[in-house]
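Colleague: following is a predicted model, sequence given first.
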Amino acid sequence: MAIRSFFLFILFFSSSLSPVFSLYEDQVGLMDWHQQYIGKVKQAVFSSQRAGRKRVVVSTEENVIASLDLRHGEIFWRHLLGADDVIDGIDIGLGKYVITLSSGGSILRSWNLPDGQMVWESSLQGPKHSKSFLVVPTNLKFDKDNVLVVFSNGRLHAISCIDGEVLWKKDFEAESFEVQQVIQPPGSDLIYVVGFAASYQFEMYQINAKNGELLKHESASFSSGFSGEISLVSTETVVALDSTGSYGFRVLIVMEDHSLLLLQQGEIVWSREDGLASIIDVTTSELPVERNGVSVAKVEHNLFEWLKMHFDDMVSKCAPFLKGHMLKLKGTLMLASPEDMAAIQSMRLKSSEKSKMTRDHNGFRKLLIVLTRAGKLFALHTGDGRIVWSHLLRSLHKSEACQSPIGLNLYQWQVPHHHAMDENPSVLVVSRCGPSSDTPGVLSFVDTYTGKELSSLSLDHAVVQVIPLPYTDSTEQRLHLLINADKHAHLYPKTSEALSIFKREFLNIYWYSVEDQNGIIKGHALKCKCTGKVADEFCFDTRDLWSVVFPSESEKIVATVTRKLNEVKHFSLPRVFSQ
């Protein structure tokens with residue numbers, strides 16, 4: 001992106017089809033490692049069934065519904081709903097059905113608790129948009145007379161628990177109040193709809209759950225008004241247990257980093273790193289070179305020398321080696337039994353070569369450095385997908401100076417090869433202090449072997465675009481240009497050596513920017529040092545070189561792709577694909 005003419009971008013338009021990549025079921029665990037996450041949990045319901053394995057059903061901000069094992073936190077099943085099908089509420093009925101309300105209270109579904117299969121789906125419409133509430137009676141029985149209660153779109157619905165049929169509905173369109181809670185006491189055929197009219201009027205409607213008949217309407221005025229919402233349980237409510245599921249307790253906790261923990265009797269039973277369901281950027285890091293024996297960084301041995309050196313070792317390992325390949329061949333030909341498949345997967349997971357923490361000859365073993373929406377950084381081993389380390393960055397914590405920190409991107413900062421082999425690699429994490437693109441940026445520098453945040457830097461300018469340059473200093477720190485909202489380019493690292501290297505290549509640095517909404521691509525170059533009042537030798541003015549404007553009535557830019565800086569490439573003109 002930084003060298004003249006040496007970039008390629010691909011434009012996809014709204015009329016194009018997106019490719020889909022997939023694996024056969026028998027290839028999972030054989031040709032790759034596979035991990036599942038659910039995201040940041042926003043609602044949870046514990047299953048009270050006595051038979052079978054204990055579960056907790058959750059919904060997440062990533063629109064996932066999942067059933068988790070209470071003992072270990074494993075996923076029994078999960079469903080990812082559409083981006084527009086936001087989950088409003090979940091509950092469990094009859095001890096064996098999961099009830100979900102989504103799409104602003106417009107879609108009600110019933111799922112089979114053991115396997116997650118959908119039982120029925122019901123569409124709920126109403127006269128106006130409103131808060132949505134799902135009420136599943138605790139004494140629900142499996143017959144036509146027992147109903148689920150849903151308030152959505154200004155209307156109260158009674159839904160058959162058997163097939164999702166709407167049995168009756170009552171409009172509240174004419175009632176000028178905001179519903180805060182829908183309550184059905186255990187064992188009662190009465191439904192209470194409560195809320196506020198204006199800021200001082202309390203309203204309560206009593207409804208017959210059998211037919212939707214209005215039984216009573218009461219109002220009460222409070223001159224001091226109300227603050228907040230009506231809650232059955234809140235931080236101001238004291239909950240006491242009587243002498244008759246005990247003095248024990250069980251709590252599902254969602255942490256700041258979006259991880260999920262089950263706390264029972266004061267002990268952590270299990271934890272899950274579900275922040276990995278909301279990854280915003282990823283880069284790779286080389287593993288350390290092997291210290292004992294021949295360095296894997298050197299690839300000067302040819303195949304004959306390597307075989308001669310390892311011949312005795314290969315003979316001793318010949319029998320299990322052949323057995324493993326026979327098992328893999330059976331799996332490839334789909335002849336493997338379930339026991340064979342389990343043995344294949346166990347063999348691969350226990351492979352010492354695959355999961356070593358050093359570089360291999362071909363450079364396949366690496367660390368995946370991952371940044372999540374919660375501002376947490378992970379290092380995953382490419383061999384088996386395990387978490388090597390994780391760290392919630394200090395620079396992405398809320399503070400007086402940075403009220404709403406938001407992580408943006410990851411970049412390779414220092415990649416030691418020849419001149420600094422004893423140095424650990426590090427990555428640059430770019431973030432900003434708010435949702436607006438003109439808020440000040442924050443830089444964090446993290447050691448990729450330990451996860452330690454080496455340093456952080458609060459900037460006095462925004463970061464709209466980051467240009468990694470193909471130049472490094474004597475410590476192999478990569479040079480970067482940070483473009484702010486005023487189109488000024490700031491050079492990092494701010495060292496005299498970096499500035500000297502940058503000045504030598506000043507006339508050869510070009511980049512482009514994409515305005516998705518306007519359908520415009522622009523090319524840019526450097527002009528001169530910044531002409532502002534405060535002298536800054538690391539700040540430079542920029543100039544526009546060219547622009548391409550796509551007709552908004554027929555084409556829309558969906559995504560852009562560029563070649564990697566270290567990719568071998570020949571001179572080529574940009575290609576544009578459209579219909």
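Modeller: On my side now, so go ahead.
Colleague: tell me which stretches of the protein form helices.
Modeller: Here the chain has its helices, by DSSP state H, at 303-309, 311-316, 318-332, 338-349, 496-504.
Colleague: pLDDT on the third one, on average?
Modeller: Helix 318-332 shows an average pLDDT of 64 in the prediction.
Colleague: can you check the last one too?
Modeller: On average, the pLDDT along helix 496-504 is 93.
Colleague: what residues does that helix touch?
Modeller: Here helix 496-504 makes contact (C-beta atoms under 8 Å, 6 or more residues apart in numbering) with 469, 471, 473, 474, 477, 479, 491, 492, 537, 538. Every C-beta, even on glycine, is put in place using the N, C-alpha and C of the backbone.
Colleague: 7 Å instead?
Modeller: Residues from elsewhere that reach helix 496-504 (C-beta atoms under 7 Å, 6 or more residues apart in numbering): 471, 473, 474, 479, 491, 537, 538.
Colleague: measure how buried the closest residue to residue 398 other than its chain neighbours is and give me the count.
Modeller: Spatial nearest neighbour of residue 398, chain neighbours left out: residue 405 (6.5 Å); criterion: C-beta to C-beta, 6 or more residues apart in numbering. Per other C-beta atoms under 10 Å, the neighbour tally for residue 405 reads 19.
Colleague: residues touching residue 405, list them.
Modeller: 375, 395, 396, 397, 398, 431, 433, 442.
Colleague: tell me the pLDDT at the last one?
Modeller: Listed pLDDT for residue 442 reads 90.
Colleague: about what we covered before: make a ChimeraX selection of the buried ones in the contacts of helix 496-504.
Modeller: In ChimeraX, a selection of the buried entries from the contacts of helix 496-504 looks like this (16 or more other C-beta atoms under 10 Å):
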select :471,473,479,491,538
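Colleague: among the contacts of helix 496-504, which two are most distant?
Modeller: Greatest spatial distance among the contacts of helix 496-504 (C-beta to C-beta): 474 and 537, at 19.7 Å.
Colleague: and the gap between residue 76 and residue 269?
Modeller: Applying C-beta to C-beta, to the nearest Å, the value for residue 76 to residue 269 is 16 Å.
Colleague: kindly apply the preceding question to residue 290 instead.
Modeller: From residue 290 across to residue 269, the span is 39 Å (C-beta to C-beta).
Colleague: what sits opposite the residue lying closest to residue 116 once chain neighbours are set aside in the beta ladder?
Modeller: Distances taken as C-beta to C-beta, 6+ apart place residue 77 nearest to residue 116, at 3.3 Å, with adjacent residues excluded. Beta-bridge partners of residue 77, counted by DSSP bridges, are residue 67.
Colleague: hang on, isn't residue 77 packed against residue 114?
Modeller: No - using C-beta atoms under 7 Å, residue 77 is not in contact with residue 114, being 8.6 Å away.
Colleague: residue 270 touches residue 70, doesn't it?
Modeller: No - Residue 270 is beyond contact range of residue 70, at 8.4 Å (criterion: C-beta under 7 Å).
Colleague: which neighbours do these two share?
Modeller: Between them, residue 270 and residue 70 share the contacting residues residue 262, judged by C-beta under 7 Å, 6+ apart.
Colleague: ok, back up a step: if I look at the residue nearest to residue 398, how far off is residue 480?
Modeller: 20 Å.
Colleague: turn the contacts of residue 405 into TSV, including distance to residue 413 and neighbour count.
Modeller: Below are the contacts of residue 405 laid out as TSV (distance: C-beta to C-beta, whole Å; neighbours: other C-beta atoms under 10 Å):
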residue	distance to residue 413	neighbour count
375	18	25
395	14	22
396	17	25
397	21	11
398	25	12
431	14	21
433	21	22
442	14	24
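Colleague: among those, name the ones in strands.
Modeller: 431, 442 (DSSP state E).
Colleague: for the contacts of residue 405, which one is nearest residue 202?
Modeller: For the contacts of residue 405, the closest approach to residue 202 (C-beta to C-beta) belongs to residue 398, at 35.2 Å.
Colleague: look up how far residue 273 lies from that closest one.
Modeller: 21 Å.
Colleague: check residue 217 too.
Modeller: 50 Å.
Colleague: compare these two (neighbour count), which wins?
Modeller: Each of residue 217 and residue 273 has its neighbours counted (other C-beta under 10 Å); residue 273 has more, 18 against 12.
Colleague: ok, and the closest non-adjacent residue to that one?
Modeller: residue 259 (5.3 Å).
Colleague: correct me if wrong: the one you found contacts residue 270.
Modeller: No - using C-beta under 7 Å, residue 259 is not in contact with residue 270; the gap is 10.8 Å.
Colleague: those two - which one has more neighbours?
Modeller: Set residue 259 next to residue 270 and count neighbours by other C-beta under 10 Å: residue 259 wins out with 20 against 16.
Colleague: how much space between the more buried one and residue 196?
Modeller: For residue 259, the distance to residue 196 - C-beta to C-beta - is 36 Å.
Colleague: one step back: would you list the contacts of helix 496-504 in CSV and tack on distance to residue 148 and pLDDT?
Modeller: CSV is the format used below for those (distance: C-beta to C-beta, whole Å; pLDDT from 0 to 100):
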residue, distance to residue 148, pLDDT
471, 64, 90
473, 65, 89
474, 69, 87
479, 61, 94
491, 62, 94
537, 68, 88
538, 63, 91
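Colleague: in strands, which of the contacts of helix 496-504 appear?
Modeller: Per DSSP E, these map to strands at 471, 479, 491.
Colleague: and which of those residues is nearest to residue 38?
Modeller: Taking C-beta to C-beta as the measure, residue 38 lies nearest residue 479 of the ones in strands among the contacts of helix 496-504, at 39.6 Å.
Colleague: go ahead and confirm that closest one touches residue 467.
Modeller: No - using C-beta under 7 Å, residue 479 is not in contact with residue 467; the gap is 9.2 Å.
Colleague: out of the contacts of helix 496-504, which is nearest to residue 426?
Modeller: Looking across the contacts of helix 496-504 and measuring by C-beta to C-beta, the closest to residue 426 is residue 473, at 13.3 Å.
Colleague: nearest residue to that closest one other than its sequence neighbours?
Modeller: Nearest one to residue 473, counting by C-beta to C-beta, 6+ apart, is residue 497 at 4.9 Å.
Colleague: that neighbour - how many residues pack around it?
Modeller: 13.
Colleague: now do the contacts for residue 111.
Modeller: 97, 98, 100, 117, 118, 119.
Colleague: for residue 278, same thing?
Modeller: 39, 40, 62, 258, 372, 373.
Colleague: show the buried residues in the residues you listed.
Modeller: Among the contacts of residue 278, those scoring as buried are 39, 40, 62, 258, 372, 373 (criterion: 16+ other C-beta under 10 Å).
Colleague: show me the two of those that sit farthest apart.
Modeller: Longest span within the buried ones among the contacts of residue 278, C-beta to C-beta: 62 and 372, 11.3 Å.
Colleague: quick check: the residue nearest to residue 116 vs residue 170, distance?
Modeller: For residue 77 relative to residue 170 (C-beta to C-beta), the value is 35 Å.
Colleague: please apply the same query to residue 33.
Modeller: 53 Å.
Colleague: who touches residue 372 in this structure?
Modeller: Per C-beta under 7 Å, 6+ apart, neighbours of residue 372: 258, 275, 276, 278, 279, 280.
Colleague: go again with 8 Å.
Modeller: Counted by C-beta under 8 Å, 6+ apart, residue 372 has contacts 257, 258, 275, 276, 278, 279, 280, 378, 407.
Colleague: also residue 190?
Modeller: 184, 206, 207, 208, 209, 215.
Colleague: wait, doesn't the fifth one sit right on residue 147?
Modeller: Spelled out, it's residue 209. Yes - between residue 209 and residue 147 there is a contact at 6.5 Å, judged by C-beta atoms under 8 Å.
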